[in-house]
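Asker: everything below, folded, please.
(one chain, ligands or ions: 2)
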Amino acid sequence: MTAVAPRAAVAAPPVIRTRGLGKVYSAGTQAEVVALRDVDLDIARGGFVAIMGPSGSGKSTLMNLIGCLDKPSSGVYECDGVDVSTLDAEQLAALRRDKIGFVFQGFHLLPRMSALDNVAMPLGYARVPAHERQHRAREALAAVGLAERAGHHPNQLSGGQQQRVAIARALINNPDILLADEPTGALDSRTGEEILALFGRLRDAGHTVVLITHEAEVAAHADRTYVIRDGRLHAQEADA
Ligand SMILES: Nc1ncnc2c1ncn2[C@@H]1O[C@H](COP(=O)(O)OP(=O)(O)OP(=O)(O)O)[C@@H](O)[C@H]1O
Ligand SMILES: [Mg+2]
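Answerer: Numbers count the residues shown, from 1 in each chain. Ligands and ions are numbered 1, 2, ... in the order given. Sure thing, here's the model as predicted:
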């Protein structure tokens, strides 16, 4: 009988790989803040990872670096095998648009646009015809249980509904990588569970999910949990 090598033996490169990643904020006359120190992180394609840590520990900073919204002060970040420091602004924008979906802490919805138009935003006016934008945005809103609120503006929606619009927007481009900063913070536990189940299905379909949360029950949905303290990333023990 021929032995068949398990698929894991041909390990694919991690979709997110950081080495010695650091971030120092220096705002004018204010003292420097070392927000992230020496972070080595590997996340495989199809991984579902939770990141926990106290307020101000560096979680959003790490997410902004992984999402190519900000540049590290030190270290290397390879997204899907590409060292992002080699990309120019246009290439970075294309990478964000095509590979990464964001759910921001605080939603970042555009107040003058309907829920539907907010969700359709990442599709880009030029790239996708109007009727297809509408159709896909309606489907994404339905997936988060908001089909009936498509025409509402953010200030006409509850906090949890705004959060769900932000999640629909993050999913509209069917991104390889979903980065979600406290995506269930404003949701009741049942709606939160539905969103986490949705993330689990995305993982099962091969998407990579990185979830920032304060809640241990939320982190328990992930395959792996890391904790950030004072800008340093630690792997959480399985029984912790
Ligand atoms: N643009 C900035 N300029 C200067 N300091 C910043 C900036 N953004 C964040 N910081 C500081 O960096 C540190 C890490 O901030 P970060 O937003 O990553 O924390 P967090 O873990 O996401 O916290 P929270 O749970 O409250 O959202 C904090 O001390 C914060 O004050
Ligand atoms: Mg934060």
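Asker: what's near enough to touch the nearest residue to Gly192 once chain neighbours are set aside?
Answerer: Nearest residue to Gly192 in three dimensions, chain neighbours excluded: Thr184, at 3.8 Å (C-beta to C-beta, 6 or more residues apart in numbering). Heads up, the C-betas are built off the backbone N, CA and C, glycines and all. By C-beta atoms under 8 Å, 6 or more residues apart in numbering, the contact set of Thr184 is 163, 191-192, 195-196, 213, 215, 218.
Asker: pLDDT at Thr184, what is it?
Answerer: Looking at Thr184, its pLDDT stands at 88.
Asker: heads up, I number from 836, so please use that
Answerer: Let's use 836 as the start, then, which means that last one is Thr1019.
Asker: could I get the phi/psi values of it?
Answerer: phi -110, psi 10 (degrees, to the nearest 10).
Asker: can you report phi and psi for the closest residue to ligand 2 within the chain?
Answerer: Ligand 2 sits closest to Ser895 of the chain, with a gap of 3.1 Å, by C-beta to the ion. Torsion angles at Ser895 (phi, psi; degrees, to the nearest 10) stand at phi -70, psi -30.
Asker: tally of neighbours for it?
Answerer: Other residues near Ser895 come to 19 when the count uses other C-beta atoms under 10 Å.
Asker: do Ala1040 as well
Answerer: A count of nearby residues for Ala1040, using other C-beta under 10 Å, gives 9.
Asker: the helix or strand of the chain at the bottom of the mean pLDDT ranking: which residues count as buried?
Answerer: Least confident helix or strand of the chain, by mean pLDDT, DSSP states H and E, is helix 1024-1039 with a mean of 88. Residues 1026-1027, 1029-1031, 1033-1034, 1037-1038 are the ones in helix 1024-1039 that count as buried (16 or more other C-beta atoms under 10 Å).
Asker: same check, this time on stretch 943-963
Answerer: With burial defined by 16+ other C-beta under 10 Å, the residues of stretch 943-963 counted as buried are 944, 949-955, 957-958, 963.
Asker: what mean pLDDT does that stretch have?
Answerer: Mean predicted confidence for stretch 943-963 is 90.
Asker: contacts for it, please.
Answerer: Stretch 943-963 is contacted from outside by 932, 936, 967-969, 971-973, 975-976, 981, 984-990, 992, 997, 1000-1001, 1003-1004, 1007-1008, using C-beta under 8 Å, 6+ apart.
Asker: go on, stretch 1050-1060?
Answerer: Contacts to stretch 1050-1060, defined as C-beta under 8 Å, 6+ apart, come from residues 882-887, 1019, 1027, 1031, 1034-1035, 1038, 1044, 1046, 1048, 1070-1071.
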